[in-house]
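Colleague: could you work out the structure for the sequence below:
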Amino acid sequence: MTTTTHLVTGHWIGGEIVAGSAGTIPVVNPATGETVAHTPAGTAADVDRAVATAR
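Modeller: The predicted structure is shown next:
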């Protein structure tokens with residue numbers, strides 16, 4: 001079985017994609033142990049920006 005791995009390139013903040021600034025985190029299928037995607041890791045600054053934008 002072939003698995004496609006996806007890469008999410010940023011965070012969705014304020015209606016736009018904002019580049020991740022802390023590397024990536026693998027997303028693993030728990031049934032197979034295969035990595036199926038990579039998602040950006042956020043920093044405290046990324047969270048602060050998202051919260052400020054949400055207000």
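Colleague: show me where the protein has strands.
Modeller: Taking DSSP state E as the criterion, the chain carries its strands at 6-7, 10-13, 16-19, 24-28, 35-40.
Colleague: could those strands go into TSV alongside mean neighbour count?
Modeller: Placement of C-beta: from N, CA and C, glycine included. Formatted as TSV, the strands of the chain follow (neighbours: other CB atoms under 10 Å):
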stretch	mean neighbour count
strand 6-7	10
strand 10-13	15
strand 16-19	12
strand 24-28	13
strand 35-40	16
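Colleague: nearest to residue 51, of the ones you listed?
Modeller: Set against residue 51 and scored by CB to CB, the strands of the chain come closest in strand 10-13, at 9.6 Å.
Colleague: check the offset of that closest one from the chain's centre.
Modeller: Chain-centre distance of strand 10-13: 8 Å, with CA atoms, centre = their mean, to the nearest Å.
Colleague: all set, thanks.
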